[in-house]
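Asks: Okay, sequence plus prediction incoming.
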Amino acid sequence: MRCIAAFLITTVLAVSAFSQTCERTLTLGVAPPFGLPLSHDAQDYEATLGHERISVVKVQPFKKARIMILLPADYDHITKDKGDFDRLVGWLSGITALPGNASVAYGLYAQKMIFSDHFTSDPQELRSSLEELVKNAKTGSLGASYVTYDRLVEAVGYFGQPQPGDSVILLSNYAGEYTGDYSRPVTRYSDVVARFLQAGIRLFVIIPPFGSISSIYSDTTLNMAQGTGGYVSTVADWHRADKKREAKTFYSEMGLMLNFNGLGYLVTVAVPQDARGGGYWNLTLNAAARSRIGFSSKKKMLFAYPNLLLCGASKNGDPMIAGVDRQHP
């Protein structure tokens, strides 16, 4: 944790030089079967950092969601993998509806990266955008190698001025530090988490059901997604012999993820600068609120939110994970 903290950049939205607390606003996702609304009342929520209670200041639904769908455009020129890429593009072209408050753009990457011109909520416009990107990619102009960490950081920059509700959906099982271009520095896992936390953008991963990209995702991929408030879903090898069921499963998973990204709350918490407790924090509904919606107090709420809170800075200027003593370099 100390290693990761050295690279994390604070996303504190309001910090007073004379205050003993940091106010952090972040996105809270609500997993099925619970949709919105759960509660807009901050008093219905409980937050703890270690064993210490922290205050939930404000809760409100976010109104808009911008989603970047990111996929590898080349797998080292392996013919079979090119066919998998074409099949994935075909499935994406079949998306006919988006959540009402969501707009989507595409990013294709190999050694280089290209993006849609803009976010759109029109499925036909989105499909046309993807077709143009694929034409470009098939010229070979993107190169054969890919560096997923670098591409993730580059995708964050596409959003310009990030806003609550922004997210990236990566369609790949690989989010490692490999690079085919050894002349350039490798972006580290902690750098990716830092950039996503700084921008307030969530990372989600869907593992498609294809040959060389159907292996089980790494712990690093899972931790990176959960660290930003996202999650990982896989459709790998579910219906390998049945293409129709395979496509149906993909659309089901993509639909769930798009809808999940279109729902959520902005939760503001007040973090004491002198808090202790280990860094990871917990957010849930209190007993009264749970009872009101008919949810057992013994069951864990399936919330998705960044699992680290940042507050203050150490003497050498590094942002601090709340609850971890890093006053000395």
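Replies: Cool, got the structure.
Asks: Give the helix, strand or coil label for residue 48.
Replies: Classification of residue 48 by DSSP: H, G, I helix; E, B strand; the rest coil places it in strand.
Asks: Tell me the pLDDT of it.
Replies: Looking at residue 48, its pLDDT reads 89.
Asks: Could you tell me the model confidence score at the nearest residue to it once chain neighbours are set aside?
Replies: Leaving aside its chain neighbours, residue 48 sits nearest to residue 282 (5.1 Å; criterion: Cβ to Cβ, 6 or more residues apart in numbering). Heads up, the C-betas are built off the backbone N, CA and C, glycines and all. For residue 282, the model assigns a pLDDT of 88.
Asks: what's the answer for residue 117, then?
Replies: On pLDDT, residue 117 comes in at 94.
Asks: which SS state does the residue nearest to residue 48 fall under?
Replies: Per three-state DSSP, residue 282 ends up strand.
Asks: burial of it, as a residue count?
Replies: When neighbours are defined as other Cβ atoms under 10 Å, residue 282 has 15 of them.
Asks: Likewise for the one 4 residues further on?
Replies: Using other Cβ under 10 Å, the number of residues around residue 286 comes to 15.
Asks: do you know how far it is from residue 292?
Replies: According to Cβ to Cβ, to the nearest Å, residue 286 and residue 292 sit 10 Å apart.
Asks: do the same with residue 83
Replies: From residue 83 across to residue 292, the span is 52 Å (Cβ to Cβ).
Asks: what do you get for residue 247?
Replies: Separation of residue 247 from residue 292 (Cβ to Cβ): 40 Å.
Asks: out of these two, which sits in the more crowded spot?
Replies: Between residue 247 and residue 292, residue 247 has the larger neighbour count (other Cβ under 10 Å), namely 17 against 13.
Asks: Can you tell me the closest non-neighbouring residue to that one?
Replies: The shortest distance from residue 247 to any non-neighbouring residue, by Cβ to Cβ, 6+ apart, is to residue 91 (5.9 Å).
Asks: With residue 44 instead?
Replies: residue 289 (3.8 Å).
Asks: in the helix or strand where the one you found lies, what counts as buried?
Replies: Assigned by DSSP states H and E, residue 289 falls within helix 287-293. Using 16 or more other Cβ atoms under 10 Å as the burial criterion, the residues of helix 287-293 that qualify are 289, 290.
Asks: for stretch 227-246, same thing?
Replies: Buried residues in stretch 227-246, counted by 16+ other Cβ under 10 Å: 227, 228, 229, 230, 231, 232, 233, 234, 235, 236, 246.
Asks: Retrieve the pLDDT associated with the second one.
Replies: Here, the pLDDT recorded for residue 228 equals 87.
Asks: circling back: residues contacting the residue nearest to residue 44?
Replies: If you count contacts by Cβ atoms under 8 Å, 6 or more residues apart in numbering, residue 289 has them with 38, 39, 41, 44, 45.
Asks: Which pLDDT value goes with the closest residue to the second one other than its chain neighbours?
Replies: Of all residues beyond its chain neighbours, the one nearest residue 39 is residue 289 (5.4 Å), with distances taken as Cβ to Cβ, 6+ apart. If you check residue 289, the pLDDT there is 88.
Asks: residue closest to the middle of the protein?
Replies: With distances taken as Cα atoms, centre = their mean, residue 203 lies nearest the centre of the chain, 1.5 Å away.
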